[in-house]
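A.B. asks: coordinates only, sequence not included:
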């Protein structure tokens with residue numbers, strides 16, 4: 001069974017990755033996951049300077065999901081390059097570094113700093129974090145999305161993935177802009193903006209008031225986004241949103257995703273990513289497919 005997938009200039013051994021912000025910097029999962037079974041790891045988002053993140057509470061469980069407002073808490077790019085990347089580059093799987101900038105120039109500068117360091121297979125541009133001031137602005141405007149991706153491509157030889165927000169009326173023109181600018185793939189989708197309220201205290205539960213909704217609750221919405229973009233934009237897609245089982249993975253592949261990222265499930269079942277990767281060949285065999293590529297985008301519509 002050929003599980004390999006190609007996302008532009010990036011080739012992975014299989015389509016199962018773990019989403020940024022849900023897997024730490026991989027050290028935390030070393031005792032429970034065989035990294036060699038995964039197609040790739042996307043560590044926690046890195047920013048140019050250290051960030052303390054948002055005030056607590058930062059997470060709250062919701063019906064079939066989770067709201068988080070971590071706020072990109074991290075120690076900054078310099079610390080990542082000298083402390084985390086040396087460990088990550090020793091792992092037997094692809095490492096995709098997720099970066100977030102406050103400005104377009106900051107994205108470009110971070111990508112430029114990352115480029116000379118060995119260990120990164122690709123860079124994922126977090127154009128869409130809903131928990132940071134200005135964090136969504138890049139991915140709600142096709143012109144800005146195109147400009148950021150294009151400028152990063154000019155200074156960084158690594159494959160570029162653009163992680164887009166679902167908090168827009170139409171994702172298609174934004175994904176198209178990323179494709180036109182040279183993105184190797186788009187990650188669909190980041191979290192949906194939501195909130196939780198303690199009505200007895202008349203207060204929001206999250207310290208940031210709003211947060212990003214993830215988990216099974218958003219899976220139907222993420223599937224719809226992948227399907228819509230796959231039909232109109234000729235660029236590989238990484239499906240993200242509520243994926244926890246091999247059945248979920250197959251649904252995203254048929255909708256048009258070439259690979260997927262498991263996110264919230266890692267918090268309550270950190271072995272899920274490995275188990276799903278191991279179950280994938282049986283799912284493909286059920287459809288009579290000998291490779292992942294054979295099933296991508298093969299959803300049969302009514303009347304077909």
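C.D. replies: In hand now; what should we look at? No experiment lies behind these values; they were computed from the predicted model shown.

A.B. asks: Looks to me like residue 129 is in a strand.
C.D. replies: No. Residue 129: not assigned to a strand; according to DSSP: H, G, I helix; E, B strand; the rest coil it is coil.

A.B. asks: so residue 92 sits right up against residue 37, yeah?
C.D. replies: No. Contact status for residue 92 versus residue 37: not in contact, 9.2 Å apart, counting by C-beta atoms under 8 Å. From N, CA and C alone the C-beta is placed, and that goes for glycine too.

A.B. asks: So for these two, which sits in the more crowded spot?
C.D. replies: In this view residue 92 and residue 37 are compared by other C-beta atoms under 10 Å, and residue 37 has more residues nearby, 17 against 10.

A.B. asks: And that one, how far from residue 189?
C.D. replies: 25 Å (C-beta to C-beta, to the nearest Å).

A.B. asks: Likewise for residue 201?
C.D. replies: 32 Å.

A.B. asks: give me every residue that touches the spatially closest residue to residue 241 that is not a sequence neighbour.
C.D. replies: Spatially, and ignoring its direct neighbours in sequence, residue 241 is nearest to residue 222 (2.7 Å; C-beta to C-beta, 6 or more residues apart in numbering). By C-beta atoms under 8 Å, 6 or more residues apart in numbering, the residues touching residue 222 are 166, 188, 189, 239, 240, 241, 242, 252.

A.B. asks: if you count what's nearby, which of residue 201 and residue 189 comes out ahead?
C.D. replies: Neighbour totals were compared for residue 201 and residue 189, and residue 189 leads with 27 against 8 (other C-beta under 10 Å).

A.B. asks: roughly how far apart are the more buried one and residue 7?
C.D. replies: With the distance defined as C-beta to C-beta, residue 189 ends up 16 Å from residue 7.

A.B. asks: and what of residue 275?
C.D. replies: Applying C-beta to C-beta, the value for residue 275 to residue 7 is 23 Å.

A.B. asks: which of those two has more neighbours?
C.D. replies: Here residue 275 and residue 7 are compared on neighbour count by other C-beta under 10 Å; more neighbours surround residue 7, at 25 against 15.

A.B. asks: My understanding was that the more buried one contacts residue 259; is that so?
C.D. replies: Yes. Contact status for residue 7 versus residue 259: in contact at 6.3 Å, counting by C-beta under 8 Å.

A.B. asks: Mutual contacts of these two, please.
C.D. replies: With the criterion set as C-beta under 8 Å, 6+ apart, the overlap between the contacts of residue 7 and residue 259 is 185, 236, 238.

A.B. asks: Tell me which of those residues fall in helices.
C.D. replies: Secondary structure assignment by DSSP state H places none of the shared contacts of residue 7 and residue 259 in helices.

A.B. asks: and these, which are buried?
C.D. replies: By the neighbour-count criterion of 16 or more other C-beta atoms under 10 Å, the shared contacts of residue 7 and residue 259 include these buried positions: 185, 236, 238.

A.B. asks: Need the nearest residue in space to residue 86, chain neighbours excluded.
C.D. replies: Here the nearest residue to residue 86 in space, its sequence neighbours aside, is residue 119; by C-beta to C-beta, 6+ apart that works out to 7.4 Å.

A.B. asks: what's around residue 11, how many residues?
C.D. replies: When neighbours are counted by other C-beta under 10 Å, residue 11 registers 13.

A.B. asks: where does it land in three-state SS?
C.D. replies: What three-state DSSP gives for residue 11 is strand.

A.B. asks: nearest spatial neighbour of it, skipping sequence neighbours?
C.D. replies: Nearest in space to residue 11, with sequence neighbours left out and distances taken as C-beta to C-beta, 6+ apart, is residue 4 at 6.4 Å.

A.B. asks: Is there a neighbour count for the one you found? I'd like the number.
C.D. replies: Close neighbours of residue 4, defined as other C-beta under 10 Å, add up to 14.

A.B. asks: can you give me phi and psi for it?
C.D. replies: Residue 4 has phi and psi values of phi -70, psi 150 when expressed as degrees, to the nearest 10.

A.B. asks: can you tell me which residues contact it?
C.D. replies: Applying C-beta under 8 Å, 6+ apart, one finds that residue 4 lies in contact with 11, 12, 13, 14, 291, 292.
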